[in-house]
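Enquirer: Provided below for reference: sequence and predicted model.
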Amino acid sequence: MPLAQALWSFGTVLLLLHISPSWSEWPGRLRRWDRLIALLNSRAVTIYLWHNTCILIAATMLDQLWDIDVMWMHFSWLLESPWPVLAFTWVLIGSCIVWFGWAEDLAAKRKPQLWPDGSRKKRAHAR
């Protein structure tokens with residue numbers, strides 16, 4: 001339902017903007033997420049472009065495991081769970097970040113990086 005999805009997303013963004021409209025620096029309890037957020041921000045387009053393909057591949061591959069007798073006889077609980085697909089999807093998204101993310105850097109006229117999580121900036125700033 002596209003309208004419901006749009007309203008849900010809009011409401012989430014409004015809530016986040018209401019809670020914290022701007023930060024010049026992460027609050028102490030959120031600093032541990034700084035590198036992950038930097039990576040997600042740096043590769044937002046790559047993630048957006050590839051996430052549906054990664055979901056499809058992960059779900060298709062998990063579906064293929066039903067053809068293996070040992071899997072459906074002893075691990076059907078795992079094959080019915082959404083968690084393996086979610087985990088494998090994130091592994092695939094991580095590989096897409098490495099394989100295709102550099103193109104996002106080139107398009108933004110930045111120096112290409114394989115994993116731009118902000119750790120380089122922290123090392124350069126510490127010197």
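Expert: Nice, I can see it. Residues are numbered from 1 along each chain as shown.
Enquirer: all contacts plus neighbour counts: C-alpha atoms, from now on.
Expert: Will do.
Enquirer: dihedrals phi and psi, Glu25?
Expert: phi -150, psi 150 (degrees, to the nearest 10).
Enquirer: number of residues surrounding it?
Expert: 9 (other CA atoms under 10 Å).
Enquirer: also Ile97?
Expert: 26.
Enquirer: so Thr46 is in which element?
Expert: helix 44-64 (DSSP states H and E).
Enquirer: how about the CA coordinates for the helix or strand that that helix is followed by, as PDB?
Expert: Where DSSP H and E defines the elements, the next helix or strand beyond helix 44-64 is helix 69-74. This file holds the C-alpha atoms of helix 69-74, laid out as PDB (Å, rounded to 0.1, in the frame of the first residue of the first chain):
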ATOM      1  CA  ASP A  69      16.100 -33.200   2.700                       C
ATOM      2  CA  VAL A  70      18.200 -32.600   5.800                       C
ATOM      3  CA  MET A  71      17.200 -28.900   5.900                       C
ATOM      4  CA  TRP A  72      13.400 -29.400   5.800                       C
ATOM      5  CA  MET A  73      13.500 -32.500   8.000                       C
ATOM      6  CA  HIS A  74      15.600 -31.000  10.800                       C
END
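Enquirer: returning to that earlier point: report the buried residues of the helix holding Thr46.
Expert: Neighbour-count burial for helix 44-64 flags Thr46, Ile47, His51, Cys54, Ile55, Ile57, Ala58, Ala59, Leu62 (criterion: 16 or more other CA atoms under 10 Å).
Enquirer: residues contacting the helix or strand encompassing Val85, please?
Expert: In this structure, Val85 sits in helix 83-107 according to DSSP H and E. With CA atoms under 8 Å, 6 or more residues apart in numbering as the contact definition, helix 83-107 has outside contacts at 43, 45-47, 50-51, 54-55, 57-59, 62, 78, 111-115.
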